[in-house]
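Undergrad: After the sequence you'll find the predicted model.
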Amino acid sequence: MTISEQLRRQVIIEADYRCEYCKTSSRVTGQPPVIEHIFPRTLGGTDERENLAASCYRCNEFKGAKTHATDPETGQLVALFNPQSQIWTEHFAWVNGGTHVAGLTPTGRATVMALRLNNENIVESRAIWMEAGWHP
Ligand SMILES: [Zn+2]
């Protein structure tokens, strides 16, 4: 609500115009990233830079007010990936040539499931983008 246009732009530029969860480039989709609250505003999350991430519309919708999700491998409830304090490549990797994201850690696996990072629409798009050399 009180995020300035300047801060909004800073978050998106620092993310290189990519969703910080699924890495989809807004330059490929033509859909500008939304500003996502890592710790949800509904739970008291702030509009400070460290609580903000660039996200595609889809990841933002699927994340909703979640902060934790179940790791499908261990069944444990774990924190979702935090793009501000964690490094994407430590928790995720591209597989099948880049069409799918694999979770490498409990947090990575839980985030792949909760945010549906391999939903059929994005997987289909990634395959097309790969042919064009736009992904990953
Ligand atoms: Zn995304």
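TA: That came in fine, so what should we check first?

Undergrad: can we go C-alpha only for contacts and neighbour counts from here?
TA: Will do.

Undergrad: residues contacting the most centrally placed residue in the chain?
TA: The centroid of the chain falls nearest to Y21 when counting by C-alpha atoms, centre = their mean (1.4 Å). Counting by C-alpha atoms under 8 Å, 6 or more residues apart in numbering, Y21 makes contact with S55, C59, F81, P83, W88, L117.

Undergrad: could you pick out which of those residues are near the ion?
TA: Filtering the contacts of Y21 for proximity to the ion by C-alpha under 5 Å from the ion leaves C59.

Undergrad: Compare the contacts of Y21 and tell me which has the most neighbours.
TA: S55 (29 neighbours; other C-alpha atoms under 10 Å).

Undergrad: Now it. Nearest residue, chain neighbours left out?
TA: C19 (4.1 Å; C-alpha to C-alpha, 6 or more residues apart in numbering).

Undergrad: roughly how far apart are the one you found and L80?
TA: C19 sits at a distance of 15 Å from L80 (criterion: C-alpha to C-alpha, to the nearest Å).

Undergrad: Then C22?
TA: 13 Å.

Undergrad: what's the model's confidence in stretch 33-44, averaged?
TA: In this model, stretch 33-44 has an average pLDDT of 95.

Undergrad: what do you get for stretch 122-135?
TA: Averaged across stretch 122-135, the pLDDT comes to 95.

Undergrad: and if you look at stretch 13-23?
TA: Stretch 13-23 comes out at a mean pLDDT of 97.

Undergrad: What segments of this protein are strands?
TA: 34-37, 52-55, 68-70, 77-79, 92-95, 100-103 (DSSP state E).

Undergrad: so of those, which one's packed in deepest?
TA: By mean neighbour count, with neighbours taken as mean count of other C-alpha atoms under 10 Å, strand 52-55 ranks first of the strands of the chain at a mean of 28.
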